[in-house]
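A.B. asks: 3D model of this:
(chains A and B)
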Amino acid sequence: MSQRWVELRRREMASLLQPERVLYLVHGEKKIRSPLSQLYFCRYCSELRSLECVSHEVDSHYCPSCLENMPSAEAKLKKNRCANCFDCPCCMHTLSTRATNIPAPLPDDPTKTAMKKAYYLACGFCRWTSRDGALWGKAINKLIEYYQQLAQREKLERDRKKLARRRPFMPLAFSQHTIHVVEKYGLGTRLQRTRPGAPITSLAGLSLKEGEDQKEINIEPAQALDEVEPLPEDCYTRPINLPEGTTLRQRLLQPDFQPAGASQLHPKHKHLLIKRSLRCRKCEHNLSKPEFNPTSIKFKIQLVAVSYIPEVRIMSIPNLRFQKESQVLLTLTNPVENITHVTLVACEEGDPEDINSTAKVMVPIKELVLAGKDAAAEYDELAEPQDFQDDPDVVAFRKSNKIGFFIKVVPQREGLGDVTVSFKIRHDFRNLAAPIRPSEEGDASTEAIWLTHHVELNLGPLAP
Amino acid sequence: MPLYEGLGSGGEKTAVVIDLGAAYTKCGFAGETGPRFIIPSEIQKPGQQQSVKVVQYNINTEELYSNLKEFIHMLYFRHLLVNPRDRRVVIIESILCPSHFRETLTKVFFKQFEVPSVLFAPSHLMSIMSLGINSALVMDCGYTETLVLPVYECIPVLSAWEALPLGGKAIHKYVELHTVLVEQCTVDSDSSTGQSLPTVIGKIPASGFIMRFSCFSVRTCFVSDLQRGLKIQEAKFNLEGTAERPTPPPDVDYPLDGEKILHIKGQIRDSVMEMLFEQDNEEKSVATLLLDALVKCPIDTRKALSENLVIIGGTAMLPGFLHRLLAEIRLLVEKPKYRNALATKTFKIHSPPAKPNCTVWLGGAIFGALQDILGSRSVSRDHYNQTGRIPDWCCLSSPPPESVYDAGKTPPPLMKRAFSTEK
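C.D. replies: Presented below is the predicted three-dimensional model:
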């Protein structure tokens, strides 16, 4: 049993770096707990944002196979499909154009034949090839125009009623009773007025009236048929040839025709993909805006949380035993370039945000100082390490912008289930987005504000 | 006025039309001739092999909210590729849709996606818009149920609704439960031949089997005509075994994923669909629904309704379904139960300009192209934020129309009350 446990522990150690072990709490409409790598930070509101509390917008369209950017007007015209690339209707793979030589009569001399190149589309995966197929559309323009007229009529009636009521057609003197009557009738006509959510039944009152001088579009109402075509007789006796027919998925990919036979399948233009931009709902600033070029993976604006908020990671966990104090080693990384001061505060009793913790935690009382992130530091070996005078009981090691520190954990719950602890991390944040006010001292440093985040750690199960 | 060709035709952008069905969702833009996509109403949760059905009425609000949110996110950003904030939404719904589902759906649209307005359109009414007629007896053969609702002069006759849980879902269950049929089928795989189906079903993931089964039923099954169908039913229910079953169609070798081949007996191909027309203990079948609804309608409307039948829904696309349905109705109307009740004996059926599974969507798209009407009849985001709920046809506590005078204010002087200002 112990060997199995050792194996489990080994696997668990490998999974310590998994981001779901450390969760940050996001205050939004819903309280969301999520790893820092999946969060965004709005530096105008100075708050963490998750994918659920930002609004998503379509930024640009592009074709996934030819990687060509398409302006949104063109995309709308082409129904979000690429002009050059096609999809196999059989297996949805991208089709490639092939050429073949076919004998065809020369235009000047019909008796001689010459080899002419003909192009066709072929699928490299399922070996489907194209053939000519005329695509036709349906004409329901007339129906739309007819209903357009009905809609205009309803609008006119509504406007007319509005104006009619404003006209003073009531005599000057009338009693309270008459007012009620008027109100009653007034409400009566009001009921006919469309209100939001009324069932769409009032189309009933709108038929084309006689004598309207507008050009009347008359549609022929559809004719009902007496007889329906029966099944062909050989349906009962003919053996089915499955490759000749289409599967449900193939049919539904072409909603206009939904062909039953495989010979009627046409290649479809490839559907585009989009690049998405994110926007904070409160301040309407962009949190993430990708590059226009489809081949570029960079971002124009990328306000991700890991580049502003210090990240807590679990480094090593000793054997946790019920009601026994153990020391857990955590690391704290500073993502910004200036020195950051971090204070950890344990959660108080009855903290509404502290719902998942199953162990008591003692965090270091002193303030932890993190050096700024310096990209050149790793190459510069001669640089003197900054002297921070760390307390060896609290700080285990320090390496450029990262420190390792200890917390003491006392599991409070016995049995199965993971040990979870939570605490608050308070750090100073320099808002570079704020306009720099020219100060008289000549010191252009911006004001630091203190942010507090609630962090939850999952330390794994108790040792047996 | 071809507004649907809209690049810059002025006015607002085209509305999004979504028909959220139990099995498939049809989505697209108003003013177009067909939906852009027909996709299964399912979402794939990370880490789980089985996909989750989006249209479920019995799960709690939290889970339903997150399922719907993910599904609609996928609709907008994978298929429609437009910003939700810019366009109005037309949602086609069944009148039997539970209020809880409807409210959660509205909340997702308004709170999460911040659409400008939402309009819930009843499916039976929308289906007649694509035909240009005013009255019809509409039958929707869908996945969970078959629902009949007459519409007279553009008004749904709500009191005459009829429904039966006979649809795609029932057909799947029927095959699963009728082990006699299932046991006769064998499966060949690369390692063995002649394995019985039940042993293999356990190894196929459940969702794969259902999807494959609906694909199988679409490709190989059909609805026999009336004479043949009655003989099959007789043979099935005849306990002495004297009735002779008509010769079944040829067997089919249906490939499952990989190397497995399913040998399906021919009997299944024609007898599976009989369950739609078999009359159960209450003597109800898909055909009696139409006649029962007709009997419930006012007498004056019956002739117009019976001569305008509209059959929509995916299950109605089975080969031979319409022909059989018409034949069944004509047979049943001679039975004593209906002969005295119904004077009309003529039945005529419409063929809509779109496939039966897209007809309702098309009606919604036509309606969505009427921009003024859409604007005035939709529930706007502001209205929803103020009242916190959407009006429902079955809910009497819907807020009254915009009042002329607020309750708290002092009533205006007598003269002005006569011609009250409206909002």
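A.B. asks: and the stretch 201-350 of chain A, which of its residues are near chain B?
C.D. replies: Residues of the stretch 201-350 of chain A lying close to chain B by C-beta under 8 Å from any C-beta of the partner chain are A:201, A:203-204, A:219-231, A:235-240, A:242, A:245-249, A:251-252, A:255-256, A:258, A:271-272, A:274, A:276. To be clear about C-beta, it is placed using only N, CA and C from the backbone, and glycine gets the same treatment.
A.B. asks: can you say which of these are buried?
C.D. replies: A:203, A:222, A:224, A:228, A:231, A:235-236, A:240, A:245-248, A:251-252, A:255-256, A:258, A:271-272, A:274 (16 or more other C-beta atoms under 10 Å in any protein chain shown).
A.B. asks: my guess is residue B:32 contacts residue B:366. True?
C.D. replies: No - shown here, residue B:32 and residue B:366 do not form a contact pair, counting by C-beta atoms under 8 Å, at 9.9 Å.
A.B. asks: for residue 324, which residues are in contact?
C.D. replies: Picking chain A for this. The contact partners of residue A:324, taken as C-beta atoms under 8 Å, 6 or more residues apart in numbering or on different chains, are A:410, A:411.
A.B. asks: if you could check chain B rather than the one you did, that'd help
C.D. replies: Taking C-beta under 8 Å, 6+ apart, one finds B:223, B:224, B:225, B:226, B:229, B:277 in contact with residue B:324.
A.B. asks: what's the burial count for the fifth one?
C.D. replies: For residue B:229, the count of nearby residues is 23 (other C-beta atoms under 10 Å in any protein chain shown).
A.B. asks: check the first one too.
C.D. replies: The tally of other residues near residue B:223 (other C-beta under 10 Å) stands at 22.
A.B. asks: now stretch A:82-94 - C-alpha only, PDB.
C.D. replies: The C-alpha trace of stretch A:82-94 is given here as PDB (Å, rounded to 0.1, in the frame of the first residue of the first chain):
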ATOM      1  CA  CYS A  82     -14.000  32.200 -48.200                       C
ATOM      2  CA  ALA A  83     -14.100  32.800 -51.900                       C
ATOM      3  CA  ASN A  84     -11.200  30.600 -52.700                       C
ATOM      4  CA  CYS A  85     -11.300  27.600 -50.500                       C
ATOM      5  CA  PHE A  86     -13.800  24.800 -50.500                       C
ATOM      6  CA  ASP A  87     -14.800  22.100 -48.100                       C
ATOM      7  CA  CYS A  88     -15.500  18.500 -49.100                       C
ATOM      8  CA  PRO A  89     -19.200  17.800 -48.500                       C
ATOM      9  CA  CYS A  90     -18.400  14.200 -47.600                       C
ATOM     10  CA  CYS A  91     -15.800  14.500 -44.900                       C
ATOM     11  CA  MET A  92     -15.400  18.300 -44.400                       C
ATOM     12  CA  HIS A  93     -11.700  18.300 -45.300                       C
ATOM     13  CA  THR A  94     -10.300  21.100 -47.400                       C
END
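A.B. asks: hmm, stretch B:31-39 touching chain A?
C.D. replies: Yes - remark: stretch B:31-39 sits within contact range of chain A at B:31, B:33, B:34, B:35, B:36, B:37, B:38, B:39, by C-beta under 8 Å from any C-beta.
A.B. asks: so how do I select the buried members of the residues you listed in PyMOL?
C.D. replies: Provided next is the PyMOL selection string for whichever of the residues of stretch B:31-39 next to chain A are buried by 16+ other C-beta under 10 Å:
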select buried, chain B and resi 31+33+34+35+36+37+38+39
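A.B. asks: turn the residues of stretch B:31-39 next to chain A into JSON lines, including secondary structure and pLDDT.
C.D. replies: What follows is those, written out as JSON lines (DSSP: H, G, I helix; E, B strand; the rest coil; pLDDT from 0 to 100):
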{"residue": "B:31", "secondary structure": "coil", "pLDDT": "86"}
{"residue": "B:33", "secondary structure": "coil", "pLDDT": "85"}
{"residue": "B:34", "secondary structure": "coil", "pLDDT": "88"}
{"residue": "B:35", "secondary structure": "coil", "pLDDT": "93"}
{"residue": "B:36", "secondary structure": "coil", "pLDDT": "93"}
{"residue": "B:37", "secondary structure": "strand", "pLDDT": "93"}
{"residue": "B:38", "secondary structure": "strand", "pLDDT": "93"}
{"residue": "B:39", "secondary structure": "strand", "pLDDT": "91"}
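A.B. asks: please work out how many residues are found near residue B:224.
C.D. replies: When neighbours are defined as other C-beta under 10 Å, residue B:224 has 25 of them.
A.B. asks: likewise residue A:392?
C.D. replies: Neighbours of residue A:392 using other C-beta under 10 Å come to 8.
A.B. asks: how about residue B:120?
C.D. replies: Residue B:120 is flanked by 24 other residues according to other C-beta under 10 Å.
A.B. asks: is chain B contacted by stretch A:77-96?
C.D. replies: Yes - counting by C-beta under 8 Å from any C-beta, chain B is contacted by stretch A:77-96 at A:77, A:79, A:80.
A.B. asks: quick one: contacts of that stretch?
C.D. replies: Applying C-beta under 8 Å, 6+ apart, the contact partners of stretch A:77-96 are A:61, A:63, A:65-66, A:68, A:70, A:121-126, A:128, A:130, A:250, A:253-254, A:262, A:265-272, B:7, B:36, B:80-81.
A.B. asks: flag the shaky bits of the stretch 51-200 of chain B, pLDDT-wise.
C.D. replies: B:176-200 (pLDDT under 70).
A.B. asks: chain A contacts on that one?
C.D. replies: So far as C-beta under 8 Å from any C-beta goes, the stretch 51-200 of chain B lies against chain A at B:73, B:77, B:79-85, B:111-112, B:114, B:120-122, B:125, B:129-134, B:153-156.
A.B. asks: now do the contacts for the nearest residue to residue A:55 once chain neighbours are set aside.
C.D. replies: Nearest non-adjacent residue to residue A:55, counting by C-beta to C-beta, 6 or more residues apart in numbering or on different chains: residue A:279, 5.0 Å away. Applying C-beta under 8 Å, 6+ apart, we find residue A:279 in contact with A:54, A:55, A:57, A:285, A:286, A:287.
A.B. asks: quick one: stretch A:331-341 to chain centroid distance?
C.D. replies: Computed by C-alpha atoms, centre = their mean, to the nearest Å, the chain-centroid distance of stretch A:331-341 equals 30 Å.
A.B. asks: before we move on, what about stretch A:418-434?
C.D. replies: Distance of stretch A:418-434 from the chain centroid (C-alpha atoms, centre = their mean) equals 26 Å.
A.B. asks: pull the number of nearby residues for residue 18.
C.D. replies: Going with chain A. 11.
A.B. asks: was after chain B, sorry
C.D. replies: Residues within reach of residue B:18, counting by other C-beta under 10 Å, total 23.
A.B. asks: check which helix or strand covers the residue of the stretch 351-464 of chain A found nearest chain B.
C.D. replies: Chain B sits closest to residue A:355 of the stretch 351-464 of chain A, with a gap of 15.7 Å, by C-beta to the nearest C-beta. For residue A:355, there is no host helix or strand (DSSP states H and E).
A.B. asks: now do the contacts for it.
C.D. replies: Counting by C-beta under 8 Å, 6+ apart, residue A:355 has no contacts.
A.B. asks: could you find the closest non-adjacent residue to residue A:290?
C.D. replies: In space, and not counting its chain neighbours, residue A:290 is closest to residue A:275: 4.5 Å by C-beta to C-beta, 6+ apart.
A.B. asks: show me which of the contacts of stretch A:77-96 are buried.
C.D. replies: For the contacts of stretch A:77-96, buried by 16+ other C-beta under 10 Å: A:61, A:63, A:65, A:68, A:70, A:121-123, A:128, A:130, A:250, A:253-254, A:262, A:265, A:267-272, B:36, B:80-81.
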